[in-house]
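*Asks:* quick check, what structure comes out for this input:
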Amino acid sequence: MANLGRLLAVIVGALLVIGAAVFLFFRSSVSSEGVYRMKTAVGLDAAAPERHIVPEGFRGWAVVHYGVEGAPPLREDDGAQIVEYPADGRLETSTPAPNDEGFLHRGYYLRTADGLAPLSRVSDIWGEYSHRMFKDEDAESIHRMLQEGGGGSVQRSSGFFVGSMKEFMATDWPTEHRRPVGLQK
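*Replies:* Have a look, this model is predicted:
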């Protein structure tokens, strides 16, 4: 009976270690591109990885608005979309929002004098959000647009907070996130 107890303890311990490793892998910047490459290698559709890059010393909310007419497009590097934020953390791009609104395809980085340093989703990144903003005149046209699979009148805003959990808890969410998803003029 004692051997069975030890065996169960070893199995539970191993499962906890594996679970923690998987959690940390999916919360790291490296995983976003690794998951993309793994899925595409076996023939599955996957959202292209995004590299969200903030400037050295940046603390606060980084927010990107996709599909902004007249704004510059995002650049790509080795199949990844590069989302590089200016010093104020607000970026507008004419590039349409990715169809996948999940966060696993995103990696977060700090631009330093030596290149890019990964930011940790466990200790550096907080409050990831992504939502659609509608610009149509009425709710009926929004409903019709969603039924038909989208359209040119949907924009997406997404963002994340860079800093400590204490800083995050003491900071208001960006205005873009506090507004209810609905009519935007």
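*Asks:* low-confidence ranges in this protein?
*Replies:* Segments of the chain classed as low confidence (criterion: pLDDT under 70) are 1, 20-47, 99-104, 132-155, 176-185.
*Asks:* so who does the closest residue to residue 58 other than its chain neighbours touch?
*Replies:* With C-beta to C-beta, 6 or more residues apart in numbering as the measure, residue 162 is the residue that lies nearest to residue 58, at 5.7 Å, once sequence neighbours are left out. Bear in mind the C-beta positions are built from the backbone N, C-alpha and C, glycine included. Remark: with contacts taken as C-beta atoms under 8 Å, 6 or more residues apart in numbering, residue 162 is in contact with 54, 58, 59, 60, 61, 62, 108, 110, 119, 124, 125.
*Asks:* ok, now how distant is residue 162 from residue 129?
*Replies:* According to C-beta to C-beta, to the nearest Å, residue 162 and residue 129 sit 14 Å apart.
*Asks:* repeat for residue 91
*Replies:* Counting by C-beta to C-beta, the separation of residue 91 from residue 129 is 15 Å.
*Asks:* more crowded one of the two?
*Replies:* residue 91 (20 against 17; other C-beta atoms under 10 Å).
*Asks:* bridging residues for the more buried one?
*Replies:* Here residue 91 shows beta-bridge partners residue 64, assigned using DSSP bridges.
*Asks:* now do the contacts for it.
*Replies:* Contact criterion C-beta under 8 Å, 6+ apart gives 62, 63, 64, 65, 83, 84, 85 as the residues in contact with residue 91.
*Asks:* before we move on, what about residue 96?
*Replies:* 66, 67.
*Asks:* kindly confirm my reading that it is in a strand.
*Replies:* No: checked against DSSP: H, G, I helix; E, B strand; the rest coil, residue 96 lies outside a strand; its state is coil.
*Asks:* any idea where the helices of the chain begin and end?
*Replies:* With DSSP state H applied, the chain shows helices at 2-26, 29-41, 139-147, 165-169, 175-178, listed in chain order.
*Asks:* just list what the longest one packs against, helices and strands only.
*Replies:* Spelled out, that is helix 2-26. Judged by 3 or more C-beta pairs under 8 Å, 6 or more residues apart in numbering; DSSP states H and E, the packing partners of helix 2-26 are helix 29-41.
*Asks:* re the thing from before, filter the contacts of residue 162 down to the buried ones and hand me the ChimeraX line.
*Replies:* Paste this into ChimeraX to select the buried members of these, with burial taken from 16 or more other C-beta atoms under 10 Å:
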select :54,58,61,62,108,110,119,124,125
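*Asks:* farthest pair within the contacts of residue 162?
*Replies:* When C-beta to C-beta is used, the two most widely separated members of the contacts of residue 162 are 61 and 110, lying 15.2 Å apart.
*Asks:* how many neighbours does residue 68 have?
*Replies:* Using other C-beta under 10 Å, residue 68 is surrounded by 14 other residues.
*Asks:* oops, could you answer that again for residue 85 instead?
*Replies:* Using other C-beta under 10 Å, residue 85 is surrounded by 20 other residues.
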